[in-house]
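1. just to be clear, the model below is a prediction. Sequence and coordinates:
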Amino acid sequence: MIRKIVDYQKLNEDILNLLVEKFPDGYSDKDIIAFRNAQNEYIEAVEVRTEETVYLVKVGKRLVQAMEEHEEDDNDLNDDSSDIDALNEEDLD
């Protein structure tokens, strides 16, 4: 299995989806993995997995912001369909 350390700036939509699915209410301290990389830098990350790869996504204020913005974009798309469902339910009453 491949292990990759990824900065929030290099997240693609697939990894963002995995993060939002795994941590819908955000991550907590217990979800954070701390380690030193090859350059002896202290890194804190959260882990998400695909079948082939384990991603260690560096955490920070900007990651939280990116996850929230991504989730809001998804919710905006879903809100349109829920409005239609609500109208259909009103018609049934």
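-> Alright, I've got the coordinates.
2. so where does N17 fall, helix or strand?
-> Counting by DSSP states H and E, the element that carries N17 is helix 13-22.
3. right, and the helix or strand after that helix?
-> Proceeding N to C from helix 13-22, the next assigned helix or strand is strand 33-36, under DSSP H and E.
4. who does that following strand pair up with?
-> The strands beside strand 33-36 in its sheet (DSSP bridges) come out as strand 42-49 (antiparallel).
5. ok so, going back, what comes up buried for the helix holding N17?
-> 15-16, 18-20 (16 or more other C-beta atoms under 10 Å). All C-beta spots, glycine's among them, are computed from the backbone N, C-alpha and C.
6. what residue is smack in the middle of this structure?
-> Residue closest to the mean C-alpha point of the chain, counted by C-alpha atoms, centre = their mean, is L19 at 2.5 Å.
7. ok, that residue - contacts?
-> Shown in contact with L19 (C-beta atoms under 8 Å, 6 or more residues apart in numbering): 11, 46, 48, 57, 63, 67, 70.
8. same check on V46?
-> Residues near V46 by C-beta under 8 Å, 6+ apart: 19, 22-23, 27, 31-33, 56-57, 59, 63.
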